[in-house]
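Peer 1: model the following, please.
(4 chains, ligands or ions: 2)
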Amino acid sequence: MAKIIGGIGTSHAPSIAHAYDKNLGQDEAWKPLFDGYGPVKDWLKEAAPDLIVMIYNDHMNRFFFDAYPTLALGVGEVHEIADEGWGKRNFPALKGDAEFSWHLARSLVADEFDPTICQEITIDHGILSILPLLCDTPWPAPIVPIAVNVIQHPVPTARRCYKLGQAIRHAVELYDRDLRVAIVGTGGMSHQLHGKRFGFMNEEWDNEFLDALETNPEKLTVLSHDDYMERGGAESVEMIMWLTMRGALTDKVNRIHRHYYAPYLTGFGLIALGCTDITDPST
Amino acid sequence: MAKIIGGIGTSHAPSIAHAYDKNLGQDEAWKPLFDGYGPVKDWLKEAAPDLIVMIYNDHMNRFFFDAYPTLALGVGEVHEIADEGWGKRNFPALKGDAEFSWHLARSLVADEFDPTICQEITIDHGILSILPLLCDTPWPAPIVPIAVNVIQHPVPTARRCYKLGQAIRHAVELYDRDLRVAIVGTGGMSHQLHGKRFGFMNEEWDNEFLDALETNPEKLTVLSHDDYMERGGAESVEMIMWLTMRGALTDKVNRIHRHYYAPYLTGFGLIALGCTDITDPST
Amino acid sequence: MSRYLVESGGNRNLPDTFVFTGERSRKGYRLNKFAMSLTNPDNRDAFRANEGAYMDRHHLSEAEKAMVTARDWDALIRYGGNVYIMVKVAGTLGVTLLQMGAQMRGQSLEEFMATRPGAAARPRKE
Amino acid sequence: MSRYLVESGGNRNLPDTFVFTGERSRKGYRLNKFAMSLTNPDNRDAFRANEGAYMDRHHLSEAEKAMVTARDWDALIRYGGNVYIMVKVAGTLGVTLLQMGAQMRGQSLEEFMATRPGAAARPRKE
Ligand SMILES: [Fe+3]
Ligand SMILES: [Fe+3]
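Peer 2: Ligands and ions are numbered 1, 2, ... in the order given. Now for the predicted structure:
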């Protein structure tokens, strides 16, 4: 039987990709961010999951508004890197796990989720901006991507995202191979990228969110999208994807690491939480 | 406030489109089918709905398995006719209702459905094979299409399809314009189109389904896909889309008309049901 | 048994039935993608003009090409072809669904049609 | 109030905020589709080579073209452009997100950067 060993919540941003590709990790402005990922990278290496489920959103690099999925599940053996408008980044394609993904599709659909099933999906900075900070290439484990619409309203409710995490946990526990699965939810914390409110950040709210995510996530599931957008800026509604990660974990969790840094446009948050039902010493 | 006045369940099939286009409606073999639609066509004309919601499936004419939606909602002002592999049929494009469709999207997503939102959708025989039998051109009302995956398993459960109908009813009742809405669920009754079981039909089961659909639809929602496929053939699983239509109606319904004819490959069924909470004389 | 195993379809081993599961969709992906391309009239012309070259452009394997060339509908569907997509190949090649079905049942078209309830009523001229 | 009105976003009239609602997506559809096409490098070259001709091929209206030509990011987003897609236009034209933002706030890039907590730490050379 497969099991979820723990989860990671993390911001994603094109600027992180840019800083990585320009080798700015030791630059005074970016060092705090890159250093912040160190302990989580170490934990992930040590924990060595067999599979990583990643919840993220596509920024109109794979999907357009001709047919924009509320939920999309990548079931391929390989997921190619997207060109977001300035060339593909120089990384190997992600390896998928078709067998597990189709199992997940069956379980999610039986549990009344309606994912668009994608045998071809290309991955943008929603995953790729932070993946190299979490692990080195060659990518250490297959990745099963789940893209959530947090762009074109209506977007799924915070509660629905949380329930999706619970349903993923259910699916993992039904799987008949002994996989150790990690789950990552990505999405910028406070930020707004348009209008006079461009550049809005709210460090206090971001940290309140991190507190509640760890100890009282239900509290975050009753907030409306307007609540999120008012507190964190319009684009920060993508924080609801962290709730999917949290929904897949045990009620109580062990905090592995937490980090926050908000230098320019986005509150960069990071949290790693271990499941308390995991006794395996390597976690 | 908008309201649902009634619903229609009907088979769809390329052969119906073929017979229509070849003008075989008075042909001995096809006359029973075409005549069967007469009373429903008359009712629809009399009832004159302001809007028709149509539940159908796409037969890989708009969507492919690169990204196949479990649910897709067409929100455009117009829906073009698909070329299914033998040329577009000579019909005007369908008119949509973007305002209502986006309202429906908001309501469905809030109610924990995950439709792929389609500003561009093309319509295949899932709708177009039977639409000319239900009404004349120019099409009398805008059509809001909802495509359900009944092709690539896992497909949504029968119960989920029924709940979708209930959620559509909920959305209609929330809409602030006085629209009279009809709902159509399409999908071949018993048929199997492959293997040694090609041509399988089951008149008894089809009629049992029609009975239960009218008076006891809950009974149909607990059947598994294998139940449907065993009784009606593998491709007949699309009958679950009739449940979406039924879920959108009142518990008790007035039967307007019912018809069944199974000449070649598919049980051609047809049923029209009026909502009992509608007192409007024109229904 | 978990609910999803009941619901996900294709678990009951229905006789003579190949439920189009994810596994089958995955295996037939390239074949179905080629066939789906025939919803475009220019592609239909190109396929008819040179079947082999067209299939090569879509990277079909030798085994896949052979099944298409043989119009072996039964084999194509067992392999992972979806029947709704295979009819696009058939249609492009002038083969009807009834002909496909008769072949899959191992019958002539006449034999198959004789088993249809509506057949007696149908003018047999065409 | 119905739950969906609470949940569907953009009902609270947040100040200086244009929630990307269905209404906005519908209005900006053609503009966003044009911009989305710039995820293809050949299209980026074609756009840079002749902006007007490229936009004409994508059937942009005169008003839409004028906003792109003026690099008026604020107007483009008010109109229905999605910011994540407008950055593809900006990127193709050598404009950064920081420059877009400063313009939307009515500031110079230097004025805007001075408001950033991390600005002091950042080497200002580039
Ligand atoms: Fe994002
Ligand atoms: Fe069908």
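Peer 1: chain C contacts on the stretch 51-200 of chain A?
Peer 2: By C-beta under 8 Å from any C-beta of the partner chain, the residues of the stretch 51-200 of chain A that approach chain C are A:75, A:98, A:102, A:105-107, A:109-111, A:117, A:119, A:171, A:174. Every C-beta, even on glycine, is put in place using the N, C-alpha and C of the backbone.
Peer 1: now the strands: where do they sit in chain A?
Peer 2: A:3-10, A:51-56, A:71-74, A:78-81, A:94-95, A:116-118, A:122-123, A:143-148, A:180-186, A:253-261, A:268-275 (DSSP state E).
Peer 1: just give the closest residue to residue C:109, not the sequence neighbours.
Peer 2: Nearest non-adjacent residue to residue C:109, counting by C-beta to C-beta, 6 or more residues apart in numbering or on different chains: residue C:102, 4.6 Å away.
Peer 1: in chain A, which segments are predicted with low confidence?
Peer 2: Scanning chain A with the threshold set as pLDDT under 70 gives A:280-283.
Peer 1: change it to 50
Peer 2: Scanning chain A for pLDDT under 50 picks out A:281, A:283.
Peer 1: tell me where it has helices.
Peer 2: Using DSSP state H, the helices found in chain A span residues A:14-21, A:31-47, A:98-110, A:125-128, A:131-134, A:158-174, A:203-215, A:218-221, A:225-232, A:240-247.
Peer 1: nearest to chain D, out of the strands of chain A?
Peer 2: Ranking those by proximity to chain D (C-beta to the nearest C-beta) places strand A:253-261 first, at 8.1 Å.
Peer 1: and the angle from the closest one to helix A:203-215?
Peer 2: 160 degrees (axes from the mean of the first three to the mean of the last three C-alpha atoms, to 10 degrees).
Peer 1: still on that earlier bit, got the strands of chain A as CSV, with mean neighbour count and distance to residue A:156 columns?
Peer 2: Formatted as CSV, these follow (neighbours: other C-beta atoms under 10 Å in any protein chain shown; distance: least, C-beta to C-beta, whole Å):
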stretch, mean neighbour count, distance to residue A:156
strand A:3-10, 26, 17
strand A:51-56, 27, 11
strand A:71-74, 26, 7
strand A:78-81, 18, 22
strand A:94-95, 20, 24
strand A:116-118, 26, 13
strand A:122-123, 23, 20
strand A:143-148, 26, 6
strand A:180-186, 27, 13
strand A:253-261, 18, 23
strand A:268-275, 24, 21
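Peer 1: redo those as JSON lines? Include distance to residue C:15.
Peer 2: Shown next, in JSON lines, are the strands of chain A (distance: least, C-beta to C-beta, whole Å):
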{"stretch": "strand A:3-10", "distance to residue C:15": "38"}
{"stretch": "strand A:51-56", "distance to residue C:15": "36"}
{"stretch": "strand A:71-74", "distance to residue C:15": "32"}
{"stretch": "strand A:78-81", "distance to residue C:15": "36"}
{"stretch": "strand A:94-95", "distance to residue C:15": "38"}
{"stretch": "strand A:116-118", "distance to residue C:15": "27"}
{"stretch": "strand A:122-123", "distance to residue C:15": "41"}
{"stretch": "strand A:143-148", "distance to residue C:15": "34"}
{"stretch": "strand A:180-186", "distance to residue C:15": "37"}
{"stretch": "strand A:253-261", "distance to residue C:15": "49"}
{"stretch": "strand A:268-275", "distance to residue C:15": "44"}
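Peer 1: quickly name whichever of the residues of the stretch 51-200 of chain A next to chain C is closest to residue B:155.
Peer 2: Closest approach between those and residue B:155, by C-beta to C-beta: residue A:109, at 7.2 Å.
Peer 1: near chain B, which residues of the stretch 1-150 of chain A?
Peer 2: Counting by C-beta under 8 Å from any C-beta, the stretch 1-150 of chain A sits next to chain B at A:63, A:65-72, A:105-106, A:109-110, A:112-121, A:149.
Peer 1: compute the number of surrounding residues for residue A:42.
Peer 2: 13 (other C-beta atoms under 10 Å in any protein chain shown).
Peer 1: look up how far residue D:47 lies from it.
Peer 2: Here the criterion is C-beta to C-beta, to the nearest Å. By it, residue A:42 lies 44 Å from residue D:47.
Peer 1: still on that earlier bit, surely the residue nearest to residue C:109 meets residue C:111?
Peer 2: Yes - in this structure residue C:102 lies within contact range of residue C:111 using C-beta atoms under 8 Å: 7.0 Å.
Peer 1: higher neighbour count, these two?
Peer 2: Taking neighbours as other C-beta under 10 Å, residue C:102 and residue C:111 compare with residue C:102 leading, 21 against 11.
Peer 1: so which helix or strand takes in that one?
Peer 2: Assigned by DSSP states H and E, residue C:102 falls within helix C:97-105.
Peer 1: helices or strands up against that helix?
Peer 2: Counting contacts by 3 or more C-beta pairs under 8 Å, 6 or more residues apart in numbering or on different chains; DSSP states H and E, helix C:97-105 packs against helix C:73-79, helix C:83-92, helix C:109-114.
Peer 1: out of the ones you listed, indicate the one that is most buried.
Peer 2: helix C:83-92 (a mean of 24; mean count of other C-beta atoms under 10 Å in any protein chain shown).
Peer 1: close to chain B, is that one?
Peer 2: Yes - using C-beta under 8 Å from any C-beta, we find that helix C:83-92 touches chain B at C:83-85, C:87-88, C:91-92.
Peer 1: return the distance of that helix from the chain's centre.
Peer 2: 6 Å (C-alpha atoms, centre = their mean, to the nearest Å).
Peer 1: helices or strands up against that helix?
Peer 2: helix C:29-36, helix C:41-49, helix C:73-79, helix C:97-105.
Peer 1: what about the residue in the stretch 151-283 of chain A positioned nearest to chain B, neighbour count?
Peer 2: For the stretch 151-283 of chain A and chain B, the shortest gap (C-beta to the nearest C-beta) falls at residue A:154, measuring 4.0 Å. Around residue A:154 there are 25 other residues, counting by other C-beta under 10 Å.
Peer 1: quick check: phi and psi on it?
Peer 2: Residue A:154 adopts backbone torsions of phi -80, psi 140, taken as degrees, to the nearest 10.
Peer 1: from residue A:11, how far out is the closest residue to it other than its chain neighbours?
Peer 2: Excluding the flanking residues, the one nearest residue A:154 by C-beta to C-beta, 6+ apart is residue B:109, at 4.0 Å. Look at residue B:109 and residue A:11: by C-beta to C-beta, they are 25 Å apart.
Peer 1: neighbour count for these two, which is higher?
Peer 2: The neighbour comparison of residue B:109 against residue A:11 (other C-beta under 10 Å) goes to residue A:11, with 28 against 25.
Peer 1: contacting residues for the more buried one?
Peer 2: Residues near residue A:11 by C-beta atoms under 8 Å, 6 or more residues apart in numbering or on different chains: A:130, A:186-189, A:266-270.
Peer 1: separation between it and chain D?
Peer 2: Residue A:11 sits 14 Å away from chain D, going by C-beta to the nearest C-beta, to the nearest Å.
Peer 1: can stretch A:216-225 be said to contact chain B?
Peer 2: No - judged by C-beta under 8 Å from any C-beta, stretch A:216-225 makes no contact with chain B; its nearest approach is 10.0 Å.
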